[in-house]
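Undergrad: After the sequence you'll find the predicted model.
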Amino acid sequence: MTGDRPALRETVVFLTAVIYWSGVLINAYRVRKRTGKSPNLRPKTFREKLLWASWLIIISGWAGQPFLVQRFPEIILLSFINETLHRYGIPSGILLILSGYAGTLWCYHALGNSWRIGIDIKEKTVMVRQGPYRYVRHPIYLFQMIILAGTAALLPTLFSLLLLLVHFISVLIKASDEEAYLINVHGAEYREYYSKTGRFLPKMKRLS
């Protein structure tokens, strides 16, 4: 990133990972303190354990990418994209990251004590339809994508694109599992909600 401010970009990307996942742990602690039980931090099924492995890849890759860029800048950096983002990469990346953080806090507020990380098939959670969940079934994953897109704007690398792909596949599987669980728990109420909302983006109304 010659002529740019690579140290600033790398620092921001590293801090986004630390701040985001620290926030997850803090919210898990708050929910546990208020409810007296864990928000399903530990995976219970083999499928969830595989998903946890993918999350570990995402988290470690997200936090570790700045160090990878420092070690192998010539190999990893997508120079043609970096030139395009030379002027706008930092402000656009930071704007996306801040938007993603704000959206995540909105989700935490809407979910309250119903926030969970994993699935416990024996538990019947309260169905949440307020805040961003009024329009989208899985807004937390959407805001994660926005944050990762911001880090990719700051550090445009093949690795950042790979992280986005791994994350997208992981949340597709996770969202599908959560929807199956919620249909089983809430039945017709969730099916009706499902029909009116999009998975990651608001459902477009058909023009009559």
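TA: Looks like it came in fine. Numbering: from 1, shown residues only.
Undergrad: Point out where the chain drops to low pLDDT.
TA: 1-6, 73-87, 205-208 (pLDDT under 70).
Undergrad: ok, now which ones touch the spatially most central residue of the chain?
TA: Closest to where the C-alpha atoms of the chain average out (CA atoms, centre = their mean) is Q144, at 2.4 Å. By CB atoms under 8 Å, 6 or more residues apart in numbering, Q144 lies in contact with G100, T104, H167, V171. Backbone N, C-alpha and C define where each C-beta goes, glycine included.
Undergrad: what helix or strand is it on?
TA: If you go by DSSP states H and E, Q144 is part of helix 139-154.
Undergrad: how about that helix as CSV, C-alpha atoms only?
TA: Taking Å, rounded to 0.1, in the frame of the first residue of the first chain, the C-alpha atoms of helix 139-154 are listed here in CSV:
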residue,chain,number,x,y,z
PRO,A,139,-30.2,-8.9,10.7
ILE,A,140,-27.2,-9.7,12.9
TYR,A,141,-25.7,-11.7,10.1
LEU,A,142,-26.4,-8.9,7.6
PHE,A,143,-24.6,-6.4,9.8
GLN,A,144,-21.6,-8.8,10.2
MET,A,145,-21.4,-8.9,6.4
ILE,A,146,-21.4,-5.1,6.3
ILE,A,147,-18.6,-5.0,8.8
LEU,A,148,-16.6,-7.5,6.9
ALA,A,149,-17.2,-5.6,3.7
GLY,A,150,-15.8,-2.5,5.5
THR,A,151,-12.7,-4.4,6.5
ALA,A,152,-12.3,-5.6,2.9
ALA,A,153,-12.5,-2.0,1.7
LEU,A,154,-9.7,-1.1,4.1
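Undergrad: Quick check: phi and psi at V136.
TA: Torsion angles at V136 (phi, psi; degrees, to the nearest 10) stand at phi -130, psi 140.
Undergrad: Report the contact partners of it.
TA: Applying CB under 8 Å, 6+ apart, the residues near V136 are L142, T197, G198, R199, F200, L201, P202.
Undergrad: Surely W62 forms part of a helix?
TA: Yes - assessed by DSSP: H, G, I helix; E, B strand; the rest coil, W62 belongs to a helix.
Undergrad: hang on, it packs against L154?
TA: No - applying CB atoms under 8 Å, one finds W62 not in contact with L154, separated by 11.6 Å.
Undergrad: Now the common contact residues for those two.
TA: V13.
Undergrad: Quick check on those two: which one has the bigger neighbour count.
TA: Comparing W62 with L154 by other CB atoms under 10 Å, the one with more neighbours is L154, at 27 against 24.
Undergrad: Could you check which helix or strand contains P202?
TA: Using DSSP H and E, P202 falls outside every helix and strand.
Undergrad: what do you get for T104?
TA: With DSSP H and E as the test, T104 turns up in helix 89-111.
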